[in-house]
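Asks: Below are the sequence and a predicted model; questions follow.
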2 protein chains.
Amino acid sequence: LPLSERALISTIAKAASAARQRQNLSPKDRKPSLIAGIGDDCAVLRLPAHRDLLVTTDFSLEGVHFRRDWHPPESVGHRCLARGLSDIAAMGGEPNAVFLSLALPAKLQQAWVDAFLRRLLRLAKRFGVTLAGGDTAQSPAGVLADIAVLGSVPKGKAVLRSGARPGDLIYVTGALGGSAAALEMLYSKHKLDPRNFSQHFYPEPRVVVGKFLRENNIPSSMIDVSDGLSTDISHLCQESGVGAEIWRDVIPRAKIGKKQVEPRLALHGGEDYELLFTASPGKRVPSKIGEVTVTCIGKITRVKRMFISDKNGRLSLLRADGWEHFRKPSAK
Amino acid sequence: LPLSERALISTIAKAASAARQRQNLSPKDRKPSLIAGIGDDCAVLRLPAHRDLLVTTDFSLEGVHFRRDWHPPESVGHRCLARGLSDIAAMGGEPNAVFLSLALPAKLQQAWVDAFLRRLLRLAKRFGVTLAGGDTAQSPAGVLADIAVLGSVPKGKAVLRSGARPGDLIYVTGALGGSAAALEMLYSKHKLDPRNFSQHFYPEPRVVVGKFLRENNIPSSMIDVSDGLSTDISHLCQESGVGAEIWRDVIPRAKIGKKQVEPRLALHGGEDYELLFTASPGKRVPSKIGEVTVTCIGKITRVKRMFISDKNGRLSLLRADGWEHFRKPSAK
């Protein structure tokens, strides 16, 4: 059954309110408290003193970021929020509130919306995030979502992209290329069981790892791997005014079943939502944080170009080739 | 010429940076300062102590909220931000930062984007608002924008929808129905000169008025008239747990040329972005704030229903009939 916009607002407000009660949202010292949420012109939040506010927004557009014939509604809801949580993680922050703008086609089934929201709210709950507002509309074409995630860090402690210095080592969490490998199989008309391709369908935002790194003053700069390793390193280098040398053979590659993905997928494939960070060579960086591995994959250079070493240690230029390469416009 | 997504990000970042320099954004005591903006995973904002944070998000979707054959890009850019500023105004707040998520069709002209951004940033500048981040994507269908506006109010001073009490008088700023009148003419295939229909094409968010009212402790509750007077009163009544009696003959009607719009447009037409507020009968409410008139149009009642008085003072039930009535799905 299609939803009128008012019914949709009411569905979302009820789901959010129920989720909030289950969370028993008590204003703790370091968390913003929600004074007014859905049902007013604005949400009103009170940020504790000594915290900086983090804000990120991310589109999830049908035909661009997902396809309804490829992605079950649960995956779309999860990925929609995971993108924003990963941005907060990349600052070393803690996520606190999400605003969901959601436009739906007139003919969409209520069951689709319910599954989408349920899974989005489940992820929100795991990270203590409140659905605090948003907007709804009828969509002119497909499911269109945009989320704004608000988070916070202790004053002056946000980890920026701009802090990498020559000589710093480059690290990445987890393994790369799993999401792009699934995407290539989807393009090749494979039917995938989402449970076997969780890095693509249900990526895990590295909020806990990002916070651990920041609390231990480890990273000089940080970014999440959303556009592809080569492109995200280039962002980091550009903002820091430095270059990088990447060691191809040590890049941790995701496994599909028992097989590692191809090196090009680990190097250029996007949407893995791992963390990429730099640390001065004097820092002790753990090789595991919780269950998440941390791998040193290169170093920052003064020369403002990117190089990659081949099997024989020879360096060649590395092009930022993620993202615009993989996000085909034909994904409509 | 079409824009690649990276070129678009760069265009927006440059426009935002230029606008910021012109504004000479100095961190004043009561304004959040922007520690990091476009070019990192999140924007980092520092909110002064003793302020609460306001957040609102608003879609502007082609075919739903505007049509490119009806609305010039300047109007789309202005309206896109004005919706959010009006929400901040309705809390008695001051707007501070905007995040723009913008998806564009592959074939869109650069000139369209430039004009859209220029006018959005002009409105932002007038209200001291910084473009602090957002997202970009290729659009599967038409121009899709979503803005998040952040603002602030002194702690505990946000004017909510829920404060109306029986006996309070109901006030509205400016005149109503001008936007819906223009919309009806557009539906009837009239070509309109935007300069003669500014309430529709370039609505003025009542930020200064909202702040004045809050600073003088006048409103018991407030909302902006975006969905249509009848619908917005119903929102206010619902959140406050009260009813209302509206006096039809005193509702201020907008003028098109020298002619007042029809009463039904003033009563149910949306997108005027005036402020609707209640005040206890003991409050002195000015009849003008700056150049903006303030009109008393009814009173809050204990009975949780809405009534409207006709010419002879007879009361009849008032239905919330704005918005979903006027926002025809055929506007594609």
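Replies: Looks like it came in fine. Numbering: from 1, shown residues only, chains lettered A, B, ... in the order given.

Asks: sec struct for the residue in the stretch 101-250 of chain A that chain B sits nearest to, please.
Replies: Closest approach of the stretch 101-250 of chain A to chain B (Cβ to the nearest Cβ) occurs at residue A:141, with a separation of 3.2 Å. The way it works is simple: take the backbone N, C-alpha and C, and place the C-beta from them, glycine included. Assigned with DSSP: H, G, I helix; E, B strand; the rest coil, residue A:141 falls in the coil class.

Asks: Number of residues surrounding it?
Replies: The burial metric for residue A:141, expressed as a neighbour count using other Cβ atoms under 10 Å in any protein chain shown, is 20.

Asks: Also residue A:168?
Replies: When neighbours are defined as other Cβ under 10 Å, residue A:168 has 25 of them.

Asks: ditto for residue A:311
Replies: Residue A:311: 7 surrounding residues under other Cβ under 10 Å.

Asks: Let me know the pLDDT of it.
Replies: Predicted confidence (pLDDT) at residue A:311: the value is 81.

Asks: Same check on the one 3 residues further on?
Replies: The score at residue A:314 is 94. That number is its pLDDT.

Asks: ok, now which ones touch the residue of the stretch 101-250 of chain A closest to chain B?
Replies: When the contact criterion is Cβ atoms under 8 Å, 6 or more residues apart in numbering or on different chains, the partners of residue A:141 are A:62-63, A:105, B:140-142.

Asks: how about 6 Å then?
Replies: Residue A:141 makes contact with B:140-141 under the criterion Cβ atoms under 6 Å, 6 or more residues apart in numbering or on different chains.

Asks: packing partners for the helix or strand hosting residue A:81?
Replies: When elements are defined using DSSP states H and E, residue A:81 is found to belong to helix A:73-89. Secondary-structure packing of helix A:73-89 (3 or more Cβ pairs under 6 Å, 6 or more residues apart in numbering or on different chains; DSSP states H and E): strand A:51-61, helix A:110-126, strand A:144-154, helix A:207-215.

Asks: where does the stretch 51-200 of chain A come near chain B, residue by residue?
Replies: Contact residues, the stretch 51-200 of chain A versus chain B (Cβ under 6 Å from any Cβ of the partner chain): A:52-59, A:61, A:63-64, A:87, A:90-91, A:99, A:101, A:134-135, A:137, A:140-142, A:146, A:148, A:158, A:160-161.

Asks: Do a quick rundown of the strands in the stretch 201-332 of chain A.
Replies: Counting by DSSP state E, counting those that start in this stretch, the stretch 201-332 of chain A has these strands, from start to end: A:221-225, A:243-247, A:255-256, A:259-260, A:274-279, A:288-289, A:292-301, A:306-309, A:315-317.

Asks: Surely residue A:135 and residue B:59 touch.
Replies: Yes. With contact defined as Cβ atoms under 6 Å, residue A:135 counts as touching residue B:59 (4.9 Å).

Asks: re earlier: deepest-packed of the helices and strands packed on helix A:73-89, please.
Replies: Between the helices and strands packed on helix A:73-89, strand A:144-154 has the highest mean count of neighbours, a mean of 27, where neighbours are mean count of other Cβ atoms under 10 Å in any protein chain shown.

Asks: Give me the contacts around that strand.
Replies: A:51-61, A:80, A:84, A:88, A:92-103, B:57, B:101, B:146, B:148.

Asks: right, and the helix or strand after that strand?
Replies: By DSSP H and E, the next helix or strand past strand A:144-154 is strand A:169-173.

Asks: could you dump that next one to PDB, C-alpha only?
Replies: Only the C-alpha atoms of strand A:169-173 are listed here, as PDB (Å, rounded to 0.1, in the frame of the first residue of the first chain):
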ATOM      1  CA  LEU A 169      53.400   6.000   8.200                       C
ATOM      2  CA  ILE A 170      50.100   5.200   6.500                       C
ATOM      3  CA  TYR A 171      47.700   2.600   8.000                       C
ATOM      4  CA  VAL A 172      44.400   1.100   7.000                       C
ATOM      5  CA  THR A 173      41.900  -0.900   9.100                       C
END
